[in-house]
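Asker: what follows is a protein structure lacking sequence information:
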């Protein structure tokens, strides 16, 4: 019997870490089993156990080595949840999310982000600023994984992610629906002047290559982040955070 068969679901993913586990247990996420490190203690662990029992979930006390293997040696903090594979949204779901909040759509479009930690961090900021959804490509990019879930510290439960076959076609469809698409470029408009009111989509490029040329040709306007230091580039999640917060500022002005 394989490890996945022992866990009771061949389509299992894993949520690791205490705060992500609490977020998953409080959500409607389908959870198959709770793996708890045998010597794990504390108020948060007590809360996890209480939430798991409330949902009548199987709690398996396990040695640290077991949790290390399940989490692929990430920092699991003594807790791993075996959950059903993370579900992706549709583009319509993203628009519906904005409609329910009675807001103009604000989407994030990620062009081949490969690092799960970057995606998790981006999701965390996206949740904080009220992004209505994230769009990622199906190929050559990280998807929704256990590492992404942990790094997002629960945001994965609140920010819908749509996975599409072709980003260029998707962007053109969004433009037909009245969305204004913004990208990044060294020679673009200073991001501090960005007015993100209305229906907007913001493209964040790959960690090393930036936005692909085909996508760049289809943006309505490019934005740049001015830098005066010796290193003329920012981590993808840091750049995304700056831009998302400028979007938030223009959509929610003071006073």
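Answerer: On my side now, so go ahead. Bear in mind the structure is a predicted one, so any value in this text is a computation, not a measurement. Numbering: from 1, shown residues only.

Asker: what is the burial count for the nearest residue to residue 225 once chain neighbours are set aside?
Answerer: Nearest non-adjacent residue to residue 225, counting by Cβ to Cβ, 6 or more residues apart in numbering: residue 191, 5.4 Å away. Glycine gets a C-beta too; all of them are placed from N, C-alpha and C. Using other Cβ atoms under 10 Å, residue 191 has 20 neighbouring residues.

Asker: how much space separates residue 191 from residue 16?
Answerer: Between residue 191 and residue 16 the computed distance is 34 Å (Cβ to Cβ, to the nearest Å).

Asker: got it, and residue 126?
Answerer: According to Cβ to Cβ, residue 126 stands 20 Å off from residue 16.

Asker: just give the number of residues close to residue 78.
Answerer: 23.

Asker: repeat that for the one 5 residues further on.
Answerer: Applying other Cβ under 10 Å, we find 24 other residues in the vicinity of residue 83.

Asker: what ranges do the helices span in this protein?
Answerer: Assigned by DSSP state H, the chain shows helices spanning 3-7, 18-26, 43-54, 64-70, 91-100, 116-129, 146-151, 167-176, 213-216, 236-251.

Asker: tabulate the ones you listed in TSV, adding columns for distance to residue 107.
Answerer: Shown next, in TSV, are these (distance: least, Cβ to Cβ, whole Å):
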stretch	distance to residue 107
helix 3-7	34
helix 18-26	22
helix 43-54	32
helix 64-70	33
helix 91-100	6
helix 116-129	10
helix 146-151	18
helix 167-176	7
helix 213-216	14
helix 236-251	11
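
Asker: would CSV of the ones you listed with distance to residue 201 and mean pLDDT be doable?
Answerer: Converted to CSV, those look like this (distance: least, Cβ to Cβ, whole Å; pLDDT from 0 to 100):
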stretch, distance to residue 201, mean pLDDT
helix 3-7, 37, 38
helix 18-26, 26, 92
helix 43-54, 36, 95
helix 64-70, 36, 94
helix 91-100, 10, 97
helix 116-129, 13, 96
helix 146-151, 21, 86
helix 167-176, 6, 96
helix 213-216, 11, 93
helix 236-251, 10, 95
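
Asker: residue 77 is nearest to which of the ones you listed?
Answerer: Across the helices of the chain, residue 77 has its closest neighbour in helix 18-26 (4.8 Å, Cβ to Cβ).

Asker: which parts of the closest one are buried?
Answerer: 18, 20, 21, 22, 23, 24, 25 (16 or more other Cβ atoms under 10 Å).

Asker: could I get the residues you listed as TSV with distance to residue 233?
Answerer: Putting the buried residues of helix 18-26 into TSV (distance: Cβ to Cβ, whole Å) gives the following:
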residue	distance to residue 233
18	33
20	29
21	35
22	35
23	32
24	34
25	39
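
Asker: and which of the residues you listed is nearest to residue 247?
Answerer: Using Cβ to Cβ, those come closest to residue 247 at residue 23, 24.1 Å.
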